[in-house]
Every structure is written in C-alpha cells, then in structure tokens.
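Student: Using only what follows, build the 3D model:
(chains A, B, C and D)
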Number of protein chains: 2
Amino acid sequence: MADPMKRLPILPAERALKIIAGRWKAIILYHLYDRPRRLSELRKLVPEISQKVLIQQLREMEEHQLVRREIFRQVPPRVDYSATTLGRSLEPVLLALCDWGRMHAAELDEVDRLVDCARLERTTSNPIAKAAEAILSPA
Amino acid sequence: MADPMKRLPILPAERALKIIAGRWKAIILYHLYDRPRRLSELRKLVPEISQKVLIQQLREMEEHQLVRREIFRQVPPRVDYSATTLGRSLEPVLLALCDWGRMHAAELDEVDRLVDCARLERTTSNPIAKAAEAILSPA
DNA sequence: TGTCATACAGACCAAAAGGTAACCATGGCC
DNA sequence: GGCCATGGTTACCTTTTGGTCTGTATGACA
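Tutor: Numbering: from 1, shown residues only, chains lettered A, B, ... in the order given. Next up, the predicted model:
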C-alpha cells in the first residue's frame, strides 16, 4: 500500500470498507479497544496471524489513524499499540457489521458455525441491528 | 470463490466484511435498492466495471442471497437483478459505513476528494453516525 | 443467410493481499 | 563471548481478486 491516503476510494462507503476490510483489522482493533497492547500481547491474543502480517496490518491502521504506536526506549524495547479516537469511532460500525453478520448466518442456518463477538454489546441494544431486523421481519 | 458458504469466516464481523467488501458490491447494491435492474442497465450505471466482473460480483451476491436473479425467456433474453430482503437489510449498515467514511475523510481533511452517497439519508438521521460522532467530539 | 441485441462463458494476465521462514539490532546478564 | 527477549525486516512464494479480450447461444427479422 504505497501512498495509501492518495488511493483511498472517493465513495465514502468504499473508503470505509477499504480501511477496515483487512484480513485481521477488526480483531486487532477489537483487542485494542480493551486497552493498549504490546506486539507480543497481540501475538498471543491472535496466534493464527504471523508477526509480519500483524505488523503490516498495524502499520496500515496507523497510516489511516485508527491506531497509535508508542515506543518506550527500554531494554528490552517496548512498543504500545492503542486505538485512537478515530479508531474508537469505528466501534459502533464494527458492532453493526457483527450484528448483521450474525443475522445473515441466522437467515442461512449457519449460526452454529459462528463464534461470539464476545464483549461487544448485545444485538438488541444496537440501533442498526434494529433497523436491519425491521427490514427482515416487518411488524 | 468455490464453496463460498463453507468458507465464510466464523467471526460475524469478518463474515459481514467478506460478504460486502467486494470491489463493486456496495455500488451495485445501491443501484438495486432503487428498483430491479437489467444487466445492461447496471453496465450503464457503473460504466467503469467490465461485464465479466459485474456478473462475477452479482453471482457472489446471489450466492450470499443479497441479490435475486430472474430470467424472462424473451427475445432478446431479459434478466432482472434485484435486492433480496437480506440485501435490503444491509442498507443501514452501508449507510453507517458511508457516514463513517465521510467522517474519516473530514478528520483527515480530505472531504473535498469525496463524492456524495447520493440518495442515502443524511448523516444526522443515522444513529450509528451519531454514536461515532459522540466518540470523536464528546459533549 | 446474415445481422442484431442480450446475457454469458472461458482463456489468460496483473496486481494486491496474505503467508513462511530466516535474519538483524539492542543491551542487559551470566 | 554467548544467550536472552523484544520488535522488527527481508526475500520469496501462493492465493485471491480484479481485469482484458474474445467467443458463444438464442431467436427475431430483413
């Protein structure tokens, strides 16, 4: 992603998708919402992802200002990654995606294959989920 | 995308992203929200996309049940693509993405590069946008 | 018979995204 | 000097995605 900012789509929805649709970005962000995390911590939290790709995704999110990187010059070195305000503003959107994904799985009888969005709020409290549900099953 | 259903991610948010993050899916869906469209119509509405890729995206959305394909055996043949209920339930989510994308551009002073989400509702009426805004600029 | 419009299909290619495995730099500590 | 941990980088490969260009089936109609 050379010159990433220059290449973001001009349609807002596509821009948003481009920014968050990376293979691991949602889960990483999700763990950063809890608290700042060190690289080694993130590796333990998401063991399926290789270190190179993890750093790659973090760098992209840093460029898009979803994530902040702080270096503490210690021995051994310490680097903290945390969610910026812009990154946090994505939480309701990710929640909407999560709820819609669950609804979609439900419609196709695949809920059993799903894993929970864990600490994210429940469906009923999310206005987007309500809107989507209203479309699926009108009163 | 062979066996597309078998391969959808097990995390709901990732599942949702996988389903809608295709290069042209948002715009296609957006045009289908208006009314059913014929292939030739869609080609005119989104001239940048090649026919093969257009069909590809439509087929994937059909498999994920966002889109319905109806064949009318006429001469010349006629095929209508339309948004299913499941496809329509995505509208609030796309709207949320659109609003967030605009906010993101605003934060980075790139709004001028953006194009409008046209007939989609305005920011102020969208609860997700409100939530995201509240995070960015707390009262 | 040839041409037309519509909707597709297939061969092939290019770029992007994701992934593996190996290596490097720092500085404390034994 | 050799080893440790942390947080990287680099070279290389595979898969996925998007794209071009060409071919095809149908049946009306001139």
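Student: only C-alpha atoms for contact and neighbour calcs from this point on.
Tutor: Will do.
Student: A:Q57: neighbour count?
Tutor: 18 (other C-alpha atoms under 10 Å in any protein chain shown).
Student: residue contacts, it?
Tutor: A:22, A:24-25 (C-alpha atoms under 8 Å, 6 or more residues apart in numbering or on different chains).
Student: quick check, the helix or strand hosting it touching DNA strand C?
Tutor: Using DSSP states H and E, A:Q57 sits within helix A:51-63. Yes. Contact of helix A:51-63 with DNA strand C (C-alpha under 7 Å from any atom of the strand) involves A:51-53, A:57.
Student: and those residues, which are buried?
Tutor: The neighbour count (16 or more other C-alpha atoms under 10 Å in any protein chain shown) marks A:Q57 as buried among the residues of helix A:51-63 next to DNA strand C.
Student: now, which of the residues of helix A:51-63 next to DNA strand C sits nearest B:M61?
Tutor: Nearest to B:M61, judged by C-alpha to C-alpha, of the residues of helix A:51-63 next to DNA strand C is A:Q57 at 26.9 Å.
Student: right, and the helix or strand after the longest helix along chain A?
Tutor: Longest helix in chain A by number of residues (criterion: DSSP state H): helix A:91-107. Going down the chain from helix A:91-107, the next helix or strand is helix A:127-136, by DSSP H and E.
Student: That next one vs helix B:127-136, what angle?
Tutor: 180 degrees (axes from the mean of the first three to the mean of the last three C-alpha atoms, to 10 degrees).
Student: what sits against the residue positioned nearest the centre of chain A?
Tutor: For chain A, A:A26 is the residue whose C-alpha lies nearest the centre (C-alpha atoms, centre = their mean; 2.1 Å). Contact analysis of A:A26 by C-alpha under 8 Å, 6+ apart lists A:20, A:94, B:13-14.
Student: Now it: which helix or strand?
Tutor: helix A:25-34.
Student: Would you mind checking the average pLDDT for that helix?
Tutor: The pLDDT scores in helix A:25-34 average 96.
Student: Figure out how far it is from the centre of its chain.
Tutor: Taking C-alpha atoms, centre = their mean, to the nearest Å, one finds the center of helix A:25-34 at 5 Å from the center of the full chain.
Student: Wondering if that helix reaches DNA strand C at all.
Tutor: No. Using C-alpha under 7 Å from any atom of the strand, helix A:25-34 never reaches DNA strand C; the gap is at least 8.4 Å.
Student: Run through who's touching the longest helix of chain A.
Tutor: Residues outside helix A:91-107 that contact it (C-alpha under 8 Å, 6+ apart) are A:26, A:111, A:114, A:117, A:120-121, A:123, A:126, A:128-129, A:132, B:11-17, B:86, B:90, B:93, B:96-97, B:100, B:128, B:131-132.
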